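Enquirer: need coordinates for the below:
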Amino acid sequence: MNITSKKKYLAFDFGASNGRAIVGKYDGAKLELEEISRFDNKPVFVGGTLYWDVLRLFLELKVGIVKAKTKYKDISSLGLDTWGCDFGLLAKDKRLLSNPIQIELKTLLLL
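Expert: Modelled structure (predicted):
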């Protein structure tokens, strides 16, 4: 592959306190990473439970996609990475029933 034919991949990393959108550019031998956006991930504490602010994160996801597509027209794929111990409850029709619950040590100590 030459420099103009690098494949581009968009990845989102949602962590406990922040998130980011990164474009990976791969030429068949070398992977380059470029941070496109970074944002705070501030959980919401309601009724003794810590929740992900999923609507805010969805907005940041859309912002990252727009920024990546504005700079790179040919994004090949999109991937998401989040904490493995957090969860959201879905209805039978796959609707999200509430904001996903954020599990972390501080939360577990409150339970």
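
Enquirer: need the strands for the chain, in chain order.
Expert: Using DSSP state E, the strands found in the chain span residues 7-14, 18-26, 31-40, 44-46, 49-51, 75-81.

Enquirer: in the third one, what's buried?
Expert: Counting neighbours by 16 or more other C-beta atoms under 10 Å, one finds that the buried residues in strand 31-40 are 36-37, 39. For glycine as for every other residue, the C-beta is placed from the backbone atoms N, C-alpha and C.

Enquirer: what does the fifth one give?
Expert: Along strand 49-51, the positions that meet the burial threshold by neighbour count (16+ other C-beta under 10 Å) are 49-51.

Enquirer: for the strands of the chain, which one sits closest to V63?
Expert: Among these, strand 31-40 comes nearest to V63, with 6.1 Å by C-beta to C-beta.

Enquirer: contacting residues for F14?
Expert: Applying C-beta atoms under 8 Å, 6 or more residues apart in numbering, one finds that F14 lies in contact with 41, 57, 80-83.

Enquirer: one more pass at 6 Å, please.
Expert: Going by C-beta atoms under 6 Å, 6 or more residues apart in numbering, F14 touches T82.

Enquirer: identify the bridge partners of it.
Expert: Listed by DSSP bridges, the beta-bridge partners for F14 are G19.

Enquirer: residues near the closest residue to L96 other than its chain neighbours, how many?
Expert: Leaving out its chain neighbours, the residue that sits closest to L96 by C-beta to C-beta, 6 or more residues apart in numbering is G88, at 5.5 Å. Using other C-beta atoms under 10 Å, G88 has 13 other residues around it.

Enquirer: now do the phi/psi pair for G88.
Expert: Main-chain torsions, G88, degrees, to the nearest 10: phi -130, psi 150.

Enquirer: just confirm it contacts R95, I think it does.
Expert: No - with contact defined as C-beta atoms under 6 Å, G88 does not count as touching R95 (10.4 Å).

Enquirer: what ranges in this structure fall below the confidence cut-off?
Expert: Applying pLDDT under 70 to the chain flags residues 1-4, 104-111.

Enquirer: mind naming the longest helix for it?
Expert: helix 54-71 (DSSP state H).
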